[in-house]
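S.K.: A predicted structure for the sequence below; I have some questions about it.
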Amino acid sequence: AQSVTQLDSQVPVFEEAPVELRCNYSSSVSVYLFWYVQYPNQGLQLLLKYLSGSTLVESINGFEAEFNKSQTSFHLRKPSVHISDTAEYFCAVSDRGSSNTGKLIFGQGTTLQVKP
Amino acid sequence: GAGVSQTPSNKVTEKGKYVELRCDPISGHTALYWYRQSLGQGPEFLIYFQGTGAADDSGLPNDRFFAVRPEGSVSTLKIQRTERGDSAMYLCASSPHYTYNEQFFGPGTRLTVL
């Protein structure tokens, strides 16, 4: 069985400050890793994903996440946040093995609150 | 193009009633997923369709929950004898194929059971 733990339920931060949203996972098989974002009153959107290759992946709006296999982590970072980054962020995994159906196992979510 | 749509956006029902929640996936997407999200929690997987068949229904909580996708496009999640604990946001997502590794989510249906 797989599980995902997001260590912080809420992260308040001032605009232009750096931020890290933490994600750890547990799995007996290899996984794909994802970050989804949910802006207020909108549906979930894919922010970035790790499938293979470079362990550092980036989004188009300045977020990055690094897959750390030894620590089973996939933390999300941004060097300078904007008010518009205020949203709920979800870390998720899916099985990459023979039983892969693409179904996602989500963490509990982290609310990023960017203050002016 | 149009994204995933879900109807109704809100559904209020009484305990013991039957409800149907509809999902219209993105045209051409063969993979369709249902998730349930309780307040303050992440989405939880319910069921996955590849085409018309339910390839994985391991997340359905009990036999009151059932889902269909008869023509491989629109899907309906059906809940019989609703209970207050069924109150949640029900999310639908679609993907070109399960190996595509990106799911496109609809806005959800908020179900409230009184």
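M.R.: Good, I have the coordinates.
S.K.: report the secondary structure state of the residue most central in space within chain B.
M.R.: Nearest to the geometric centre of chain B sits B:Trp34, at 3.4 Å (C-alpha atoms, centre = their mean). The three-state label given to B:Trp34 by DSSP: H, G, I helix; E, B strand; the rest coil is strand.
S.K.: who does it bridge with?
M.R.: B:Trp34 has these beta-bridge partners by DSSP bridges: B:Ile47, B:Cys92.
S.K.: that one is in contact with B:Ser75, isn't it?
M.R.: Yes. The criterion here is C-beta atoms under 8 Å, and B:Trp34 meets it with B:Ser75 at 7.2 Å. Quick note: C-beta positions are derived from backbone N, CA and C, even for glycine.
S.K.: give me the common contacts of those two.
M.R.: B:Cys23, B:Ala67, B:Cys92 (C-beta atoms under 8 Å, 6 or more residues apart in numbering or on different chains).
S.K.: tell me the one of these nearest chain A?
M.R.: B:Cys92 (9.6 Å; C-beta to the nearest C-beta).
S.K.: and the closest one, what pLDDT?
M.R.: B:Cys92 is assigned 98 on the pLDDT scale.
S.K.: beta-bridge partners for the most centrally placed residue in chain A, please?
M.R.: Centroid-nearest residue in chain A, with C-alpha atoms, centre = their mean: A:Trp35, separated by 3.2 Å. A:Trp35 has these beta-bridge partners by DSSP bridges: A:Leu48, A:Cys91.
S.K.: state the distance from A:Phe34 to chain B.
M.R.: Per C-beta to the nearest C-beta, to the nearest Å, A:Phe34 is found 8 Å from chain B.
S.K.: do I have it right that that residue meets A:Leu48?
M.R.: Yes. Counting by C-beta under 8 Å, A:Leu48 is a contact partner of A:Phe34 at 7.4 Å.
S.K.: show me which of those two is the more surrounded one.
M.R.: Under the criterion of other C-beta atoms under 10 Å in any protein chain shown, the comparison of A:Phe34 against A:Leu48 puts A:Phe34 first, with 27 against 19.
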